[in-house]
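S.K.: build the 3D model from these lines:
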Amino acid sequence: MIILDVRTPEEFEEMHIASALNLPLNDIYENTAHAQEVLGKIAALGKDASIKVHCASGGRAAIACQLLKQQGFTNVENLGGYDDACKCVEKA
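M.R.: Predicted structure coming up:
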């Protein structure tokens, strides 16, 4: 399972899930080199790899999920906000 935190680097630095990768929504939108690198590594695992996405409240995560699906990722789930994501990770 891959956990993507699509909040800003500043938000990520304040607190984050230990195993999460920080890939800000703007990077995905703008297809930056950082986004290409992270998504390339995930794609190498298979486009059907389990990707769980979260942000602060769920809005950016929903947009990120749509963008990832447009790029061919098939197993993408919006965990919602940070607190909800923490609860989901604890259960896993």
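
S.K.: I'd like to know which elements the helix or strand bottoming out on mean pLDDT in the chain is packed against.
M.R.: Scoring the helices and strands of the chain by mean pLDDT, DSSP states H and E places helix 82-91 at the bottom, with a mean of 87. Helix 82-91 is packed against strand 2-5, strand 51-54, with contacts defined by 3 or more CB pairs under 8 Å, 6 or more residues apart in numbering; DSSP states H and E. Every residue, glycine included, has its C-beta placed from N, CA and C.

S.K.: any chance of those strands in CSV, plus mean neighbour count, mean pLDDT and distance to residue 22?
M.R.: Converted to CSV, the helices and strands packed on helix 82-91 look like this (neighbours: other CB atoms under 10 Å; pLDDT from 0 to 100; distance: least, CB to CB, whole Å):
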stretch, mean neighbour count, mean pLDDT, distance to residue 22
strand 2-5, 23, 97, 5
strand 51-54, 26, 98, 11
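
S.K.: now the ones you listed in JSON lines, with distance to residue 20?
M.R.: Shown next, in JSON lines, are those (distance: least, CB to CB, whole Å):
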{"stretch": "strand 2-5", "distance to residue 20": "4"}
{"stretch": "strand 51-54", "distance to residue 20": "8"}
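
S.K.: to residue 18, which of those strands lies closest?
M.R.: strand 2-5 (9.3 Å; CB to CB).

S.K.: need the residues that contact the closest one.
M.R.: Strand 2-5 is contacted by residues 12, 16-17, 19-23, 38, 42, 45, 49-55, 64, 79, 82, 85, 89 when judged by CB atoms under 8 Å, 6 or more residues apart in numbering.
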